[in-house]
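Undergrad: coordinates for the following, if possible.
(one chain, ligands or ions: 2)
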Amino acid sequence: MHVSIVGSGYVGTTVAACLADLGHEVVNIEIDQEIVDTINAGEAPIHESGLAERIAEHAGTNLRATTDYAAVRDTDITFLCLPTPQADDGSLDLAIMRAGSESLGRALEPKDDDHLVVVKSTVLPGTTEDVVGTILESESGTRVGDGLELAMNPEFLRMGTAVTDFLEPDKVVVGATSDDAAATLRELYAPILSREETALVETDIREAELIKYANNAFLASKISLVNELGNIAKEYGADAYEVLEAVGLDDRLSERFMRSGLGWGGSCFPKDVDALRAGAREQGYDPALLDAVVAVNDGQPRRLVDSLAAHVDLEDARITVLGLSFKPGTDDIRKSRALDVIEYLQDRGAAVVAYDPVAMENVRPMYPDIEYAESAANALADADGAVVATDWPEFDDLTFDGMAQRVVVDGRRIDVDEAELDVYEGLTW
Ligand SMILES: NC(=O)C1=CN([C@@H]2O[C@H](COP(=O)(O)OP(=O)(O)OC[C@H]3O[C@@H](n4cnc5c(N)ncnc54)[C@H](O)[C@@H]3O)[C@@H](O)[C@H]2O)C=CC1
Ligand SMILES: O=C(O)[C@H]1O[C@H](OP(=O)(O)OP(=O)(O)OC[C@H]2O[C@@H](n3ccc(=O)[nH]c3=O)[C@H](O)[C@@H]2O)[C@H](O)[C@@H](O)[C@@H]1O
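TA: Ligands and ions are numbered 1, 2, ... in the order given. This next block holds a predicted model:
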């Protein structure tokens, strides 16, 4: 099939490269010329395992990129993979979706054949039809149901494992305005849907939109719940990891996403939970539980610093922060809990020395006044205490003999030889 993908970030690039790999003719439409040039040169604009090989293999044959929206006219389906960030008040900001829909609608105006537009971006219920659909109709002069079809197909991939998550999902969710649109997507995804492990959920557009938010809200809530249980466990002197490992054996709950500690960050959970809370309020519903989910999450970095302060006088102390990215395997620092930890340490008068295998250059402009070390060992040298903010696998092999005071508070449960330390404390164990 001939497919165009608008927006070539984490999602758009992954979807494009994977669809090309499944044998489709794919064109990426992206406003950033550098990204376009990178893809056309056969290289990946982002680091994701398995992506570079796929782009190298397909660029110049059945995968290309362009800044020109006119390319959509040579395709049957367009996926919108544009950012849906949050406004200052936390609510969903649709400015980029609107701009992209306008450009797409204008480009479709001269097209005679039918076209299917699929929203893959995370958007609140009503957006696909009332915002994207309305703009497309007015700009293209066609009507939904008469030359133009709409679908909503949320994406559940994670950063770091984007390619395998896309190609081997638990589920594919499709909300569509017509049976034909749903059938087109079944055909497009046929190799993925043929996997026994992948369920197909066909529903209406509004449900498809909300499934994505419900999914993320559930996962974020699960982590906040295990963090609350972890905080309580610690007050009792119990190990939350042992407790929750047993709880996870109940297959109604699952053992996955049970790692308590410093909480959730990244470009997805924080913005999506906030957008759902703001959207619920706009609908006249007070989302008390989701408010609490955020409050628990926001409390964890302070608890980590308080735990350290119980062992080390933080005023003028040299404190190591191990890990800056919001999770291992990425240099993304958006809403990383490590940044809150740095703030709280600085508030308490500590001199911070940070180390992360890949994310330091992203943090440096925000915190030019902290020290950045070339290795974890250098960061720990002469430190009066250390905190673990990201569970990078390389932290499992640390030695602590260079520290001035061997005190470590761990927010992520790395593997530590406790015998090497005077104080080793877990945030929730
Ligand atoms: N990053 C992730 O792991 C996941 C993200 N999502 C959702 O997918 C959507 C896209 O997210 P990401 O790929 O992370 O965003 P991103 O920010 O990585 O990429 C978006 C791309 O769109 C481009 N762009 C902006 N305006 C444009 C326009 N008018 N025309 C063409 N291109 C334009 C940007 O230059 C950028 O390269 C969001 O709604 C997000 O919530 C869903 C699942 C996973
Ligand atoms: O909507 C999105 O954009 C994506 O958001 C998340 O993916 P991602 O943000 O890449 O990362 P996760 O692996 O889910 O981790 C999110 C945060 O939760 C934390 N976490 C995760 C798991 C856990 O047990 N405990 C825990 O604290 C991580 O450290 C990280 O800060 C979802 O997992 C994806 O399914 C979804 O598509």
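
Undergrad: residues in contact with the residue in the stretch 301-429 of the chain that ligand 2 sits nearest to?
TA: In the stretch 301-429 of the chain, no residue comes nearer to ligand 2 than Lys327, which is 3.9 Å away by C-beta to the nearest ligand atom. Heads up, the C-betas are built off the backbone N, CA and C, glycines and all. In this structure, Lys327 makes contact with Met159, Gly160, Gly265, Gly266, Thr390, Asp391, judged by C-beta atoms under 8 Å, 6 or more residues apart in numbering.

Undergrad: just the element for Glu197, please.
TA: Using DSSP states H and E, Glu197 sits in no helix or strand.

Undergrad: contacts only, for it.
TA: With contacts taken as C-beta under 8 Å, 6+ apart, Glu197 has the following neighbours: Glu168, Asp170.

Undergrad: quick check: the gap between Ala351 and Asp316.
TA: Relative to Asp316, Ala351 is positioned 7 Å away (C-beta to C-beta, to the nearest Å).

Undergrad: ok, back up a step: what pLDDT does the residue of the stretch 301-429 of the chain closest to ligand 2 get?
TA: With respect to pLDDT, Lys327 has a value of 97.

Undergrad: excluding its backbone neighbours, what's nearest Gly60?
TA: Nearest in space to Gly60, with sequence neighbours left out and distances taken as C-beta to C-beta, 6 or more residues apart in numbering, is Gly42 at 6.6 Å.

Undergrad: who has more neighbours, Ala351 and Asp316?
TA: Neighbours of Ala351 and Asp316, each counted by other C-beta atoms under 10 Å, are more numerous for Ala351; the result is 17 against 9.

Undergrad: quick one: residues contacting the more buried one.
TA: Under the criterion of C-beta under 8 Å, 6+ apart, the contact list for Ala351 reads Asp316, Ala317, Arg318, Ile319, Ile370, Glu371.

Undergrad: select from those residues the one having the most neighbours.
TA: Counting neighbours by other C-beta under 10 Å, Ile319 leads the contacts of Ala351 with 28 neighbours.

Undergrad: what bridges to that one?
TA: Per DSSP bridges, residues listed as beta-bridge partners of Ile319: Val352, Gly385.

Undergrad: I'd say it and Gly349 touch.
TA: No: with contact defined as C-beta atoms under 8 Å, Ile319 does not count as touching Gly349 (10.1 Å).

Undergrad: out of the contacts of Lys327, who has the most neighbours?
TA: Counting neighbours by other C-beta under 10 Å, the top entry in the contacts of Lys327 is Thr390, with 27 neighbours.

Undergrad: touching, that residue and Gly329? I think so.
TA: No: applying C-beta under 8 Å, one finds Thr390 not in contact with Gly329, separated by 9.6 Å.

Undergrad: mind putting the contacts of Lys327 into JSON lines with pLDDT and secondary structure?
TA: Formatted as JSON lines, the entries for those read as follows, by pLDDT from 0 to 100; DSSP: H, G, I helix; E, B strand; the rest coil:
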{"residue": "Met159", "pLDDT": "93", "secondary structure": "coil"}
{"residue": "Gly160", "pLDDT": "91", "secondary structure": "coil"}
{"residue": "Gly265", "pLDDT": "98", "secondary structure": "coil"}
{"residue": "Gly266", "pLDDT": "97", "secondary structure": "coil"}
{"residue": "Thr390", "pLDDT": "98", "secondary structure": "coil"}
{"residue": "Asp391", "pLDDT": "97", "secondary structure": "coil"}
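
Undergrad: restrict the residues you listed to contacts with ligand 2.
TA: Taking C-beta under 6 Å from any ligand atom as the test, ligand 2 is in contact with Met159, Gly265, Gly266 out of the contacts of Lys327.

Undergrad: for Val174, give me its contacts.
TA: Under the contact definition (C-beta under 8 Å, 6+ apart), the residues listed for Val174 are Ala151, Met152, Asn153, Ala182, Leu185, Arg186, Leu200, Val201, Glu202, Thr203, Ala208.

Undergrad: tell me which of these fall in helices.
TA: Secondary structure defined by DSSP state H assigns Ala182, Leu185, Arg186, Ala208 of these to helices.

Undergrad: identify the residues contacting the closest residue to Lys111 other than its chain neighbours.
TA: Residue nearest to Lys111 in three dimensions, not counting chain neighbours: Arg73, with 4.7 Å by C-beta to C-beta, 6+ apart. The neighbours of Arg73, taking C-beta under 8 Å, 6+ apart as the test, are Ala107, Leu108, Pro110, Lys111.

Undergrad: strands - which of these land there?
TA: Among the contacts of Arg73, no member falls in strands (DSSP state E).

Undergrad: surely Ala381 touches Thr399?
TA: No: between Ala381 and Thr399 there is no contact, the gap being 11.1 Å when judged by C-beta under 8 Å.

Undergrad: these two: who's more crowded?
TA: For Ala381 against Thr399, the residue with the higher neighbour count under other C-beta under 10 Å is Ala381, and the figures read 16 against 11.

Undergrad: test for you: state the pLDDT assigned to the closest residue to that one other than its chain neighbours.
TA: The shortest distance from Ala381 to any non-neighbouring residue, by C-beta to C-beta, 6+ apart, is to Gly402 (4.1 Å). With respect to pLDDT, Gly402 has a value of 95.

Undergrad: swap in Thr330?
TA: According to the model, Thr330 carries a pLDDT of 91.

Undergrad: before we move on, what about Thr177?
TA: pLDDT, Thr177: 89.

Undergrad: phi first, then psi, for it.
TA: Backbone torsions of Thr177, given as degrees, to the nearest 10, read phi -80, psi -20.

Undergrad: test my guess that it contacts Asp146.
TA: No: with contacts defined as C-beta under 8 Å, Thr177 does not count as touching Asp146, sitting 11.0 Å away.

Undergrad: for the residue in the chain positioned nearest to ligand 1, which residues are in contact?
TA: Shortest the chain-to-ligand 1 distance, computed as C-beta to the nearest ligand atom: residue-wise this is Gly9, at 1.7 Å. For Gly9, the contacting residues are Ile46, Cys81, Pro83, by C-beta under 8 Å, 6+ apart.
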